[in-house]
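In: I'll drop the sequence and a predicted model, then ask my questions.
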Amino acid sequence: MKIIDVVCSSGKTGFYFDDQRAIKKGAISDGFTYMGDTVTPGFTSIRQSGESISVMIILEDKQIAYGDCAAVQYSGAGGRDPLFLAKDFIPVIEKEIKPRLINKEADSFRELCELIENIKVDNKKLHTAIRYGVTQAILDAVSKSNHCLMCQVIAKEYNTKVLTRMVPIFTQSGDSRYENADKMIIKKAKVLPHGLINNIKDKLGDRGEKLEEYVYWLRNRIINLRDDDNYNPIIHIDVYGTLGVIFGDENYEEIVNYMGKLGEIAKPFKLRIEGPVDVEEREKQMMALRELRRLIDEKNLNVEIVADEWCNTLEDIKYFADNKAGHMIQIKTPDLGGINNIVEAILYCKENNMLAYQGGTCNETDRSAQICTHIAMATGPDQILAKPGMGVDEGYMIVYNEMQRILALNNIMNE
């Protein structure tokens, strides 16, 4: 079935763009925003409304397929593409992508994604957010052309099977790490709470004592609130490299011993620590996480570490997986560009005995979250992020409900 038109509309995301460089330079928190000068090009304020672009593909039978372009909260930082504003990038889609898609047959997800991934303007690939949203719309278009589910398209083209079980959902608390933890426990989230431990003074403690107190509280809170002894979530804490700050980035023994102590506090629950160090360079980050994993495994500790920073692209993910840099890798979906790269990243991790966390950002949309759920159900990552937003309920609802729809429809749509 042919594509006859591509239409764009501007939209809002489930969270905000933050100028990470300005925040690191000491921007002052003021209510829900920040006071101070911006640092990253494109920002007009340190925190500003997140923006998206809906890309709608019109098929010749007038069916409409769509996906949402979105970028991470800390756009323009850490080597990422620049701030993603709808007014700047709708013209790019209309000029560079629309003419290439019109009159194409919507019959191969992989081939059309490859077309988008290979477009270059001024010798550069298109913004990751554009590739992310357009390839979502392509997946939807191919599924509508074939009268099947999006996850079934992926399963067919990548020779996988659609899951007959739920993928564990990971919920993130933002700064409301106590109140939101209660929401997660009540909803029986399988992985929780992220925690946003990005400040030493207020959240970690000079020797990690504040995080110890929080893990102890969380462990007891789960036990006290659960109404089923079989509910045993994984505790997953993101520390944003702060363990390396308080103990020294290369003081691996002390970092591992501290994580081991947290693991003992967390028992009977499994503990994961995301981003224990951030050495601000890909090669050194890989080596640090590889050594930390080696020591953890050698000591047989109740902790796994998760790679995030400096592991953004498909190439990065393969490099970290090949070197066993961590136990789990976050596949931060908008950073990979085309969603075909998400599929390949998950499958590569699984083939190489690396746990795959299909993540993303709070700064996405309901549509990108739904389509990511189809990717997960076709590829089987070890956990998937509830998104968008930081309120727990909305993101969890979107991902959980889409997964349940897939479970209910998969057999029927195969008949």
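Out: Happy to help now that I have it. Numbering: from 1, shown residues only.

In: and I200, what does it touch?
Out: For I200, the contact set (C-beta atoms under 8 Å, 6 or more residues apart in numbering) comprises 206, 242, 245-246. Every C-beta, even on glycine, is put in place using the N, C-alpha and C of the backbone.

In: and R177, by the same measure?
Out: Taking C-beta under 8 Å, 6+ apart, one finds 193, 195-196, 214 in contact with R177.

In: need the residues you listed in CSV with secondary structure and pLDDT, can you?
Out: Output for the contacts of R177, formatted as CSV (DSSP: H, G, I helix; E, B strand; the rest coil; pLDDT from 0 to 100):
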residue, secondary structure, pLDDT
P193, strand, 98
G195, coil, 96
L196, coil, 92
Y214, helix, 98
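
In: rewinding a little: what's the closest of the contacts of I200 to L59?
Out: Using C-beta to C-beta, T242 is the member of those that lies nearest L59, at 49.1 Å.

In: neighbours of that closest one, how many?
Out: If you count neighbours by other C-beta atoms under 10 Å, T242 ends up with 22.

In: which other helices and strands contact the helix or strand where N257 lies?
Out: In the assignment (DSSP states H and E), N257 maps to helix 252-266. Helix 252-266 is packed against helix 209-225, helix 242-247, strand 271-274, helix 282-299, strand 303-307, with contacts defined by 3 or more C-beta pairs under 8 Å, 6 or more residues apart in numbering; DSSP states H and E.

In: what stretches of this structure score poorly on pLDDT?
Out: Within the chain, the stretches with pLDDT under 70 are 78-79, 414-415.

In: how does it divide into domains?
Out: Using automatic domain parsing, the domain parsing of the chain gives 3-148, 169-414.

In: so which of the ones you listed is nearest Y158?
Out: Among the domains of the chain, domain 169-414 comes nearest to Y158, with 5.9 Å by C-beta to C-beta.

In: residues in contact with F17?
Out: F17 neighbours (C-beta under 8 Å, 6+ apart): 43, 47-51, 71, 73-75, 83-84, 363.

In: if any of these are buried, give me the PyMOL selection for them.
Out: Typed into PyMOL, the line below selects the buried ones among those, using 16 or more other C-beta atoms under 10 Å:
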select buried, resi 43+47+48+50+51+71+73+74+75+83+84+363
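
In: between the contacts of F17, which sits nearest I223?
Out: Q73 (32.3 Å).

In: now the phi/psi pair for that closest one, please.
Out: Geometry field for Q73 lists phi and psi as phi -50, psi -50, criterion degrees, to the nearest 10.

In: what distance do you get for it to P334?
Out: 10 Å (C-beta to C-beta, to the nearest Å).

In: V191 now?
Out: To P334, V191 is 20 Å away according to C-beta to C-beta.

In: again, but for Y214
Out: Distance from Y214 to P334, by C-beta to C-beta: 29 Å.

In: of the two, which one has the most company?
Out: A direct count of neighbours by other C-beta under 10 Å for Y214 and P334 places P334 higher, at 29 against 22.

In: show me what contacts that one?
Out: Listed by C-beta under 8 Å, 6+ apart, the contact partners of P334 are 70-72, 128-129, 132, 360-361, 364, 368.

In: if we go to 10 Å?
Out: Contacts here follow C-beta atoms under 10 Å, 6 or more residues apart in numbering; on that basis P334 touches 69-73, 75, 80-81, 84, 128-129, 131-133, 312, 342, 359-361, 363-364, 368, 372.

In: buried ones in the lengthiest helix in the chain?
Out: Identified as the longest helix of the chain according to DSSP state H is helix 393-414. Residues of helix 393-414 classed as buried by neighbour count (16+ other C-beta under 10 Å): 394-396, 398-400, 402-403, 406, 410.

In: now those residues as TSV including distance to N123?
Out: Below are these laid out as TSV (distance: C-beta to C-beta, whole Å):
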residue	distance to N123
E394	40
G395	37
Y396	42
I398	38
V399	37
Y400	43
E402	38
M403	40
I406	40
N410	43
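
In: and which of the contacts of R177 is nearest to K12?
Out: Comparing these against K12 with C-beta to C-beta picks out L196 as the nearest, at 22.0 Å.

In: ok, now how distant is that closest one from R100?
Out: L196 sits 40 Å away from R100, going by C-beta to C-beta.

In: equivalent analysis for A356, please.
Out: Going from A356 to R100 by C-beta to C-beta gives 31 Å.

In: before we move on, what about L112?
Out: Note on L112: its distance to R100, by C-beta to C-beta, is 9 Å.

In: which one's more surrounded, these two?
Out: For the pair L112 and R100, the greater number of neighbours falls to L112 (26 against 14), based on other C-beta under 10 Å.

In: which residue packs closest to the more buried one, ignoring adjacent ones?
Out: Sequence neighbours aside, I138 is the residue nearest to L112 in space, at 4.7 Å (criterion: C-beta to C-beta, 6 or more residues apart in numbering).

In: one more: G205?
Out: Among residues not flanking G205 along the chain, L211 sits closest, at 6.4 Å (C-beta to C-beta, 6+ apart).

In: do the same with I93
Out: Sequence neighbours aside, C8 is the residue nearest to I93 in space, at 5.5 Å (criterion: C-beta to C-beta, 6+ apart).

In: ok, now which ones touch the one you found?
Out: Per C-beta under 10 Å, 6+ apart, neighbours of C8: 53-56, 66, 69, 86, 89-94, 97-98, 133-134.

In: now swap in H194 and tell me
Out: Taking C-beta under 10 Å, 6+ apart, we find H194 in contact with 170-174, 177, 180-181, 184, 236-238, 274, 362, 385-386, 390.

In: helices - which of those land there?
Out: 180-181, 184.

In: could you redo those as JSON lines and give each row distance to V279?
Out: Conversion of these to JSON lines gives the following (distance: C-beta to C-beta, whole Å):
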{"residue": "N180", "distance to V279": "30"}
{"residue": "A181", "distance to V279": "30"}
{"residue": "M184", "distance to V279": "31"}
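
In: which of those tops the neighbour count?
Out: When neighbours are taken as other C-beta under 10 Å, the top entry among these is M184 (28 neighbours).

In: so what's that residue closest to, chain neighbours aside?
Out: L192 (4.2 Å).

In: max-length strand in this structure?
Out: If you go by DSSP state E, the chain has its longest strand at strand 3-18.

In: that strand to helix 393-414, inter-axis angle?
Out: When axes from the mean of the first three to the mean of the last three C-alpha atoms, to 10 degrees is applied, the directions of strand 3-18 and helix 393-414 differ by 150 degrees.

In: right, I'll call it a day here.
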